[in-house]
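A.B. asks: Just the structure for this:
(one chain, ligands or ions: 1)
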Amino acid sequence: MPDIPLREKLHGLYLIASYRPRFTAAIVAFSVLTALLEGIGVTLIVPLVEVAQSSGAPPEGGIAGGFARIYQFLGLPFTLGSIVLGVGVVLTVRYTFTFLAQWARVYLRTNYVADLQSRGFENTLDARIAYFDREGSDDILNAIVTQAQKAGEAIEAFIRVFQRSMLILMYLAIALYLAPVLTVVSAGFVGVLTFGLRNTVESAYTIGDRVAEANEQIQRVVQAGTQGIREVKTLGYGAELRDDFAAAMEQYIGSSIRVKRNEALIGNVYNLSIALVIFGLIYAALTFTTMSFGALGAFLFVMFKLGPAVSGTNQRFYQLEGMLPHLVRTEEFIDNLQRNPEIEGGEEPLPDDPSPIAFEDVSFSYDKSEEVLNDVSFRMDHGEFVAFVGESGAGKSTIASLLARLYTPDSGRITASGRPVEEYDVGEWRSRVAYVQQNPFIFNTTLEENLLVANQDASRQEIERVCEIAQVTEFVGDLADGYETELGDDGVRLSGGQRQRVALARALLEDADVLVLDEATSDLDTSIETQVQAGIESMDRDFMILAIAHRLSTISDADRIYTVSDGTIVERGEHGSLIENDGQYAKLYSAQ
Ligand SMILES: Nc1ncnc2c1ncn2[C@@H]1O[C@H](COP(=O)(O)OP(=O)(O)OP(=O)(O)O)[C@@H](O)[C@H]1O
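C.D. replies: Residues are numbered from 1 along each chain as shown. Below you'll find the predicted structure:
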């Protein structure tokens with residue numbers, strides 16, 4: 001398994017350090033101060049022992065002498081009691097700093113996770129539709145819900161490693177001062193041990209990457225098994241999904257346990273080795289050096305502290321490496337979303353009446369390889385009803401998507417009121433185009449909330465009016481709580497035709513200038529469909545309607561009908577004249 005390049009790891013660390021530089025600086029400061037005070041606390045052992053041993057005269061040289069001078073400078077007596085008091089004060093301040101650093105660490109971690117999730121969600125909402133076509137939504141969910149939390153753990157591990165490293169440096173400095181040779185020998189031993197372990201234990205970054213990959217796969221499978229549960233059951237796809245899930249789980253379990261086992265291994269090898277080193281050091285210090293009892297006490301104390309600190313740091317460092325892939329992947333993912341931003345629009349205000357809307361020689365392809373629309377031109381005037389028919393895959397829905405500006409043409413242009421639509425703000429444009437699709441998404445909330453999505457200020461009277469037209473009223477009485485009924489995940493408690501009617505009512509409530517109906521009533525039975533149509537026609541409307549239909553009876557009253565074949569408009573005209581022409585439309589009509 002190839003190791004991940006150092007550059008990528010460093011990039012991960014850079015992302016952590018640069019997230020909130022001031023906060024990071026505060027944590028660095030608290031950690032350095034904690035280490036310094038720990039050092040002072042530990043070295044106070046020296047005068048403590050020496051004063052206890054001496055007959056009362058203040059010590060002159062060495063560490064004890066240094067402290068004696070500080071006490072003298074502060075005008076304090078240098079007695080056993082005052083030294084103990086000094087230790088107490090130093091430790092109190094030290095642990096206060098430790099508390100502040102821990103607080104800051106939790107703050108940084110929590111904010112980082114929240115920030116990642118917010119950026120992820122913001123960028124998701126701002127990403128262009130083409131991105132979702134390409135990437136799907138499961139990776140987005142995984143990045144925002146699962147990976148962001150793990151990235152937070154990386155930040156926490158990073159800070160812990162830093163804090164402990166400061167303590168280690170402090171202990172090492174004291175040990176070096178007290179017994180340079182012994183310290184160098186022990187540090188050399190620990191260095192060799194670390195190098196050896198690093199080269200025998202598999203990199204946590206590599207294993208962590210496999211955990212992240214497994215998480216993505218789990219998310220994908222679970223999403224297919226929940227959102228597509230009906231297809232899974234009716235198509236008998238469950239066994240394959242189970243296998244995929246099991247394979248992802250196996251990878252997750254194997255890699256997660258591996259990383260934790262390696263952490264434990266490193267920790268215990270260290271603990272054992274360092275315990276042995278310490279006893280060797282005690283022997284060497286007592287046998288070969290002439291250290292004072294105070295210095296020896298401080299030295300051994302430092303060594304006892306140093307052991308677990310070094311082993312803990314190594315373990316944490318390994319953990320950090322395991323978490324870094326989650327952080328790097330999530331950041332990259334969010335950047336990638338950002339590199340696919342919503343299509344840009346101008347700032348020209350859209351006129352109250354945007355008609356006529358015209359497609360002028362519009363060509364378009366989704367993936368630049370196969371042209372889906374080829375030189376499509378048509379026009380809609382104020383209040384007109386135009387319709388598109390044609391065989392499946394001809395490009396009708398693509399025309400509707402381009403009109404809603406979910407995509408932009410590759411060539412040609414779409415104009416409104418004589419100007420290219422690119423000059424108008426995208427958000428405003430979309431708010432003036434009500435788009436109803438064949439399989440509309442129903443939000444997991446009440447019927448009323450679903451209706452109000454695009455027009456929060458609509459009155460109950462307006463709601464009831466559009467529900468009357470869209471024939472929602474025909475079934476609302478059957479719902480448990482009427483308009484307050486929760487419709488479930490993607491409107492699961494409604495039939496296909498009921499969902500379409502809710503979507504139509506919601507669009508009518510938008511009070512838009514163009515109503516796009518893309519097979520919007522295809523799931524309704526003929527009698528309800530006729531009533532819906534009659535309702536729309538009876539509206540005192542001045543908006544344009546662009547309807548796409550397979551059931552041609554629904555569009556026979558259109559002002560103009562366009563027949564689309566293979567991305568091109570092949571005929572146009574009213575129902576009667578098209579039948580007379582005996583072209584494709586007439587064939588489609590007679591086939592019904
Ligand atoms: N998001 C997409 N990404 C890539 N290709 C797409 C996408 N949507 C549609 N297509 C392709 O574009 C072509 C036209 O599709 P479109 O949905 O516009 O046809 P349609 O006439 O509305 O068909 P139907 O009547 O079946 O709804 C098809 O070949 C389809 O495979």
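A.B. asks: which parts of the stretch 251-400 of the chain sit against the ligand?
C.D. replies: 366-367, 372, 390, 392-398 (CB under 6 Å from any ligand atom). For glycine as for every other residue, the C-beta is placed from the backbone atoms N, C-alpha and C.
A.B. asks: Any stretches of the stretch 351-500 of the chain with poor pLDDT?
C.D. replies: For the stretch 351-500 of the chain, no stretch is flagged by pLDDT under 70.
A.B. asks: ok, for Ile218, nearest residue in space, not its chain neighbours?
C.D. replies: Distances taken as CB to CB, 6 or more residues apart in numbering put Ala248 closest to Ile218, at 4.7 Å, once the chain neighbours are dropped.
A.B. asks: repeat for Gln223
C.D. replies: With CB to CB, 6+ apart as the measure, Asp138 is the residue that lies nearest to Gln223, at 4.6 Å, once sequence neighbours are left out.
A.B. asks: The one you found: what's it in contact with?
C.D. replies: Applying CB atoms under 8 Å, 6 or more residues apart in numbering, one finds that Asp138 lies in contact with 216, 219-220, 223.
A.B. asks: Going by the annotation, which residue ranges form each domain of this protein?
C.D. replies: Taking automatic domain parsing as the reference, the chain has its domains at 6-207+264-338, 357-590.
A.B. asks: mean pLDDT lowest for which of the ones you listed?
C.D. replies: Within the domains of the chain, the least confident segment by mean pLDDT turns out to be domain 6-207+264-338, at a mean of 85.
A.B. asks: tell me the contacts of the closest residue in space to Val269 that isn't next to it in sequence?
C.D. replies: Sequence neighbours aside, Leu197 is the residue nearest to Val269 in space, at 6.4 Å (criterion: CB to CB, 6+ apart). The contact partners of Leu197, by CB under 8 Å, 6+ apart, come to 266, 269-270, 314.
A.B. asks: Over to Gly208?
C.D. replies: Listed by CB under 8 Å, 6+ apart, the contact set of Gly208 reads 255, 259, 321-326.
A.B. asks: Check which residues of the helix or strand encompassing it are buried.
C.D. replies: When secondary structure is defined using DSSP states H and E, the element that contains Gly208 is helix 204-227. Burial within helix 204-227, assessed by neighbour count using 16 or more other CB atoms under 10 Å, is assigned to 204-225.
A.B. asks: After that helix, heading C-terminal, what element do we hit next?
C.D. replies: With elements assigned by DSSP H and E, the helix or strand that comes after helix 204-227 is helix 229-235.
A.B. asks: one step back: next one: the residue nearest to Gln223 relative to Pro325, how far apart?
C.D. replies: When distance is defined by CB to CB, to the nearest Å, Asp138 is 18 Å away from Pro325.
A.B. asks: list the helices and strands the stretch of helix or strand Val502 belongs to packs on?
C.D. replies: For Val502, the enclosing helix or strand under DSSP H and E is helix 496-509. Using 3 or more CB pairs under 8 Å, 6 or more residues apart in numbering; DSSP states H and E as the contact criterion, the secondary-structure elements in contact with helix 496-509 are strand 433-436, helix 447-452, helix 460-469, helix 473-476, strand 514-518, helix 526-538.
A.B. asks: Leaving out the residues flanking it, which one is nearest to the residue nearest the centre of the chain?
C.D. replies: Taking CA atoms, centre = their mean, the centroid of the chain lies closest to Ile144, which sits 2.5 Å from it. Taking CB to CB, 6+ apart, and ignoring the residues beside it in sequence, Ile144 has Gly120 as its nearest neighbour in space, at 4.2 Å.
A.B. asks: now do Val476
C.D. replies: Spatial nearest neighbour of Val476, excluding adjacent residues (CB to CB, 6+ apart): Gly482 at 5.7 Å.
A.B. asks: measure that neighbour to Val472 for me?
C.D. replies: Computed with CB to CB, the distance linking Gly482 and Val472 is 11 Å.
A.B. asks: Output the longest helix belonging to this protein.
C.D. replies: Using DSSP state H to define each element, the chain has its longest helix at helix 238-288.
A.B. asks: Kindly report the residues of the chain close to the ligand.
C.D. replies: Residues of the chain lying close to the ligand by CB under 6 Å from any ligand atom are 133, 366-367, 372, 390, 392-398.
A.B. asks: Which helix or strand contains the residue in the stretch 1-150 of the chain that the ligand sits nearest to?
C.D. replies: With CB to the nearest ligand atom as the measure, the residue in the stretch 1-150 of the chain that lies nearest the ligand is Asp133; the distance is 3.9 Å. Under the criterion DSSP H and E, the helix or strand holding Asp133 is helix 129-135.
A.B. asks: what's the offset of that helix from the middle of its chain?
C.D. replies: Distance, stretch centre to chain centre, for helix 129-135: 16 Å (CA atoms, centre = their mean, to the nearest Å).
A.B. asks: which parts of that helix are buried?
C.D. replies: Of the residues in helix 129-135, Tyr131 count as buried by neighbour count, 16+ other CB under 10 Å.
A.B. asks: now stretch 19-34
C.D. replies: By neighbour count, with 16+ other CB under 10 Å as the criterion, the buried positions of stretch 19-34 are 19-20, 24, 26-28, 30-34.
A.B. asks: ok, residues contacting stretch 260-277?
C.D. replies: 186, 189-190, 193, 197, 201-202, 204, 207, 303, 306-308, 310-312, 314-315, 318-319.
A.B. asks: got the contact list for Phe317?
C.D. replies: Residues in contact with Phe317 (CB under 8 Å, 6+ apart) are 157, 161.
A.B. asks: same thing but 6 Å
C.D. replies: For Phe317, the residues meeting the contact criterion (CB atoms under 6 Å, 6 or more residues apart in numbering) are Val161.
A.B. asks: Please, where are all the helices along the stretch 301-450 of the chain?
C.D. replies: All helices of the stretch 301-450 of the chain, identified by DSSP state H, counting those that start in this stretch, fall at 396-403, 426-431, 447-452.
A.B. asks: Output the contacting helices and strands for the first one.
C.D. replies: If I follow you right, that is helix 396-403. strand 514-518 (3 or more CB pairs under 6 Å, 6 or more residues apart in numbering; DSSP states H and E).
A.B. asks: repeat that for 8 Å
C.D. replies: Applying 3+ CB pairs under 8 Å, 6+ apart, one finds that helix 396-403 contacts strand 357-364, strand 373-380, strand 385-390, strand 514-518, strand 544-548.
A.B. asks: try the last one
C.D. replies: Of the remaining helices and strands, those touching helix 447-452 by 3+ CB pairs under 8 Å, 6+ apart are helix 460-469, helix 496-509.
A.B. asks: Look up how far Asn123 lies from whichever residue of the stretch 201-350 of the chain sits closest to the ligand.
C.D. replies: The shortest separation between the stretch 201-350 of the chain and the ligand is 13.9 Å, found at Asn340 (distances taken as CB to the nearest ligand atom). Per CB to CB, Asn340 is found 9 Å from Asn123.
A.B. asks: Looking at these two now, which is surrounded by more residues?
C.D. replies: Asn123 (22 against 16; other CB atoms under 10 Å).
A.B. asks: Which residues are in contact with the nearest residue to that one once chain neighbours are set aside?
C.D. replies: On the basis of CB to CB, 6+ apart, the spatially nearest residue to Asn123 that is not a chain neighbour turns out to be Leu337, at 3.8 Å. In this structure, Leu337 makes contact with 120, 123-124, 126-127, 131, 140, judged by CB under 8 Å, 6+ apart.
A.B. asks: Can you lay out these as TSV showing secondary structure?
C.D. replies: Compiled in TSV, the contacts of Leu337 are given as follows (DSSP: H, G, I helix; E, B strand; the rest coil):
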residue	secondary structure
Gly120	helix
Asn123	helix
Thr124	helix
Asp126	helix
Ala127	strand
Tyr131	helix
Ile140	helix
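A.B. asks: Just the C-alphas of stretch 74-93, formatted as CSV.
C.D. replies: Extracted as CSV, the C-alpha positions of stretch 74-93 are listed here (Å, rounded to 0.1, in the frame of the first residue of the first chain):
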residue,chain,number,x,y,z
LEU,A,74,10.5,39.2,46.1
GLY,A,75,11.2,39.8,49.8
LEU,A,76,10.1,36.4,50.8
PRO,A,77,11.8,34.0,53.3
PHE,A,78,13.3,30.9,51.6
THR,A,79,11.9,28.3,54.0
LEU,A,80,10.4,24.9,53.4
GLY,A,81,6.9,26.3,54.0
SER,A,82,7.4,29.2,51.5
ILE,A,83,8.8,26.9,48.9
VAL,A,84,5.8,24.6,49.2
LEU,A,85,3.6,27.6,49.0
GLY,A,86,5.5,28.6,45.8
VAL,A,87,4.9,25.2,44.3
GLY,A,88,1.2,25.6,45.1
VAL,A,89,1.0,29.0,43.4
VAL,A,90,2.9,27.8,40.4
LEU,A,91,0.7,24.7,40.0
THR,A,92,-2.5,26.7,40.4
VAL,A,93,-1.5,29.1,37.6
